[in-house]
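*Asks:* sequence unknown, structure follows:
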């Protein structure tokens, strides 16, 4: 009996040791295969439970996207009408959308035609199709940015870090022609050249257009584009919590003063 117990203990100890070695090996492999620097937590103003997006930052970020990013990247999940009341007035967006030509149709004669854009149209794409996008960028297709804040770990933190993280490659890092070093991008080599530089745009509100300011604004804009229901969802959450609290108070009052006499009554039986 003692020999059997000792052998069991020895087997359990050996199994635990093997499991520990396997766990250490897995952890080491995960760390050694990590080929980029994780983005920092920049503490965005809309991240709090009761915080909303900065409408001015969204407006400036849309300007940065329109004047810089839209030359290569699409944003086809967002329509002009979704910006109404968020960053622009309806009149501003009607004028902005009418500047583009949209292929529509067919008409009564079965032919496609061009018309001025309107609020219900999505933001224009830089390329007619995927093949044209690859041909214009050396075979690399610029991704659509509609859900980029949701598609990458870190969200707006990742976007900001990527836009401001270009630097010289470290010693021993071989960069192929047409690639740029960015430690926040997986693999460190990215086909997109540094997109931002100081004074690249001119903000209408007078905000200095530094590289970090433009990166911040476009990060907020792309975060909003990924979840335009963000502010409404938080407002509804506060409403639901207030309603639930009111219902709990009414329920507690009813139980305490209306139902409790029935629960605490004493029934006596007499002969």
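*Replies:* The structure has been received and is ready for your questions. On a predicted model such as this, the values are computed, not experimentally measured, just so you know.
*Asks:* Show me what the helix or strand in which residue 163 is found packs onto, helices and strands only.
*Replies:* Secondary structure from DSSP states H and E places residue 163 in helix 156-164. Contacts defined by 3 or more CB pairs under 8 Å, 6 or more residues apart in numbering; DSSP states H and E place helix 156-164 against helix 148-151, helix 211-226. C-beta: built from backbone N, CA, C; applies to glycine.
*Asks:* How far away from the center of its chain is that helix?
*Replies:* Centroid displacement of helix 156-164 relative to its chain, using CA atoms, centre = their mean, to the nearest Å, is 11 Å.
*Asks:* just the angle between that helix and helix 211-226, please?
*Replies:* Here helix 156-164 runs at 140 degrees with respect to helix 211-226, directions being taken by axes from the mean of the first three to the mean of the last three CA atoms, to 10 degrees.
*Asks:* quick one on the thing from earlier: a markdown table for the helices and strands packed on helix 156-164, including mean neighbour count, mean pLDDT and distance to residue 36?
*Replies:* Output for the helices and strands packed on helix 156-164, formatted as a markdown table (neighbours: other CB atoms under 10 Å; pLDDT from 0 to 100; distance: least, CB to CB, whole Å):
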| stretch | mean neighbour count | mean pLDDT | distance to residue 36 |
| --- | --- | --- | --- |
| helix 148-151 | 17 | 94 | 15 |
| helix 211-226 | 24 | 97 | 18 |
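*Asks:* Same list, the ones you listed, but as CSV with distance to residue 45 please.
*Replies:* Output for those, formatted as CSV (distance: least, CB to CB, whole Å):
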stretch, distance to residue 45
helix 148-151, 15
helix 211-226, 8
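*Asks:* Can you tell me the number of residues neighbouring residue 136?
*Replies:* Neighbours of residue 136 under the rule other CB atoms under 10 Å: 15.
*Asks:* Pull up the distance across stretch 64-75, start to finish.
*Replies:* One end of stretch 64-75 sits 13 Å from the other (CA to CA, to the nearest Å).
*Asks:* Do a quick rundown of the strands in this structure.
*Replies:* Using DSSP state E, the strands of the chain run over residues 101-104, 113-116, 180-181, 189-190.
*Asks:* Of all those, which one comes closest to residue 88?
*Replies:* With CB to CB as the criterion, residue 88 lies closest to strand 113-116 of the strands of the chain, at 17.4 Å.
*Asks:* looking just at contacts, which helices and strands does that closest one meet?
*Replies:* Strand 113-116 packs on strand 101-104, going by 3+ CB pairs under 8 Å, 6+ apart.
*Asks:* which outside residues touch the strand it packs on?
*Replies:* For strand 101-104, the external contacting residues (CB atoms under 8 Å, 6 or more residues apart in numbering) are 112, 113, 114, 115, 116, 117, 118, 121, 124.
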